[in-house]
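Novice: pasting the structure only:
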């Protein structure tokens, strides 16, 4: 499995990627939605994208909308990983095409549970 | 109407530090003294919308570096660059501020985190400053908020 971690914070990308490595993922990283979209349209493969909401250049919600509008990228599971914790924001993201939503701060267990729910990690996998 | 108070902010800060930094509760506590932070570095995020405001986290440069090491789970002798400190400390303010924004009764948007040695002036009134100690070192959280109904700017 390969995951694309999209966050303008380098430290947060490192933390999310570290958690994903523990679950057996290979990772690649992008600092904003446009950079991530460029990677994917250039042919980089990802099974999962973990997406921050508030980023410069292109925010996470716009990225989700653009991925969902591109038939070539339909196989990617999209999980928002963000501080935007209001119900209305969660609804917006899911309506735009995100599959799951993880609110910062999160624990390694929370990531694992979300990925188990999405079927990307076997249930009971140790972090 | 008070929608953000010290209890709620402490609960958020405690949750953020336990999940992101310490792995457990108890290392972030309320401190008694009101002394200003020495050699400060401050990270803040602005909230725009019906309840505009700002959340800022202030601590010493040395403590900010220690926070980065804890966040990255590296040893006490690991080097911390200015970029690392700006990035990581800004993200802490971002997560604290984002969760404070969620307390507000109406939807707003969150700006990108900024980091400097002092927080710039804001037109919004200061609602609270929570004086904390993380691993014994001073760390303040301040919230500015215009708490009026329907006053989007």
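Specialist: Perfect, thanks for sending it. The structure presented is a predicted model; accordingly, all values stated were derived computationally and were not measured. Residues are numbered from 1 along each chain as shown, chains lettered A, B, ... in the order given.
Novice: run a quick neighbour tally on residue A:9.
Specialist: Applying other Cβ atoms under 10 Å in any protein chain shown, we find 22 residues neighbouring residue A:9. Where you see a C-beta, it was placed from the backbone N, CA and C, and this is true even at glycine.
Novice: please, where are all the strands along chain B?
Specialist: B:28-30, B:40-48, B:53-60, B:109-110, B:114-116, B:126-134, B:137-145 (DSSP state E).
Novice: among the ones you listed, which gets the worst mean confidence?
Specialist: Mean pLDDT is lowest for strand B:109-110 among these, at a mean of 92.
Novice: quick one: name the residues of chain B near chain A.
Specialist: Counting by Cβ under 8 Å from any Cβ of the partner chain, chain B comes close to chain A at B:15-16, B:18-20, B:68, B:71-72, B:83-84, B:87-88, B:90-91, B:94-95, B:97-99, B:101-102, B:107, B:109-112.
Novice: please, a PyMOL command that selects the buried ones among these?
Specialist: A single PyMOL command suffices to select whichever of those are buried according to 16 or more other Cβ atoms under 10 Å in any protein chain shown:
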select buried, chain B and resi 15+16+18+19+20+68+71+72+84+87+88+90+91+94+95+97+98+99+101+102+107+110
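Novice: just the residues of chain B next to chain A: which are in helices?
Specialist: Judged by DSSP state H, helices contain the following of these: B:15-16, B:68, B:71-72, B:83-84, B:87-88, B:90-91, B:94-95, B:97-99, B:101.
Novice: quick one: low-confidence ranges for chain B?
Specialist: B:1-2, B:148-153 (pLDDT under 70).
Novice: and the residue of it closest to chain A?
Specialist: The nearest approach of chain B to chain A comes at residue B:98, 2.4 Å away (Cβ to the nearest Cβ).
Novice: burial of the residue nearest to that residue when sequence neighbours are not counted, as a residue count?
Specialist: Excluding its sequence neighbours, the residue lying closest to residue B:98 (Cβ to Cβ, 6 or more residues apart in numbering or on different chains) is residue A:83, at 2.4 Å. Neighbours of residue A:83 under the rule other Cβ under 10 Å: 24.
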